[in-house]
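Engineer: sequence first, predicted model second:
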Amino acid sequence: MVQATCATIWLRLKASVLPHPIRQQWLDIAQGFLERTQFPNCIGVLDGKHIRVTKPPNPGSQFYNYKQFFSVVLLALANTNNRFIIVDIGSYGSSADARIFRASRMGRWLQSNQLDIAQPKNLPGFSGPPAPYVAVGDEGFALSTNIMLSKGRFR
């Protein structure tokens, strides 16, 4: 009953609580990153977080993660105010962030240009070729046109 109730609440509220961003919102997010971090053309930070769960019945090793506990993964793209823009919730704890990202709608949308992200633009003070808008992730993600990797914390 709890699962059915949660599913219904999510279906009813997701459009107002976590709407699919449109181009102007992506531009606003990028402007926020430029102002706060001096990082141009950034549309978000990408990371996964293990959420501890009670051991499911007959879990095998799917939910058991490298941190030695049972979990599901919350994969999120967040803005400069640490608010979620897009989330993927519920992947097995044994899965790596990059694998979850590739299999998620978020990953497919980003890789296939379905997120209404603005076209590349010149970086401030640079007259070279336009640079794409990027999400920043740690080295667990694969470098691509719209994914840039960071070795340190991004704040």
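Structural biologist: Done, it's in.

Engineer: so which residue is dead centre in this structure?
Structural biologist: Centroid check for the chain by Cα atoms, centre = their mean gives Leu77 as the closest residue, at 2.6 Å.

Engineer: now the element after the longest strand belonging to the chain, going C-ward?
Structural biologist: If you go by DSSP state E, the chain has its longest strand at strand 42-52. Using DSSP states H and E, the helix or strand that follows strand 42-52 in sequence is strand 71-78.

Engineer: name the nearest residue to Arg36, ignoring sequence neighbours.
Structural biologist: Thr80 (4.8 Å; Cβ to Cβ, 6 or more residues apart in numbering). From N, CA and C alone the C-beta is placed, and that goes for glycine too.

Engineer: please report the distance of that neighbour from Ser61.
Structural biologist: 37 Å (Cβ to Cβ, to the nearest Å).

Engineer: residue boundaries of the strands in this protein?
Structural biologist: 42-52, 71-78, 84-92, 134-137, 147-149.

Engineer: any idea which of the ones you listed is most buried?
Structural biologist: By mean neighbour count, with neighbours taken as mean count of other Cβ atoms under 10 Å, strand 134-137 ranks first of those at a mean of 24.

Engineer: where does the prediction get shaky in the protein?
Structural biologist: The chain contains residues with pLDDT under 70 at 59, 151-155.
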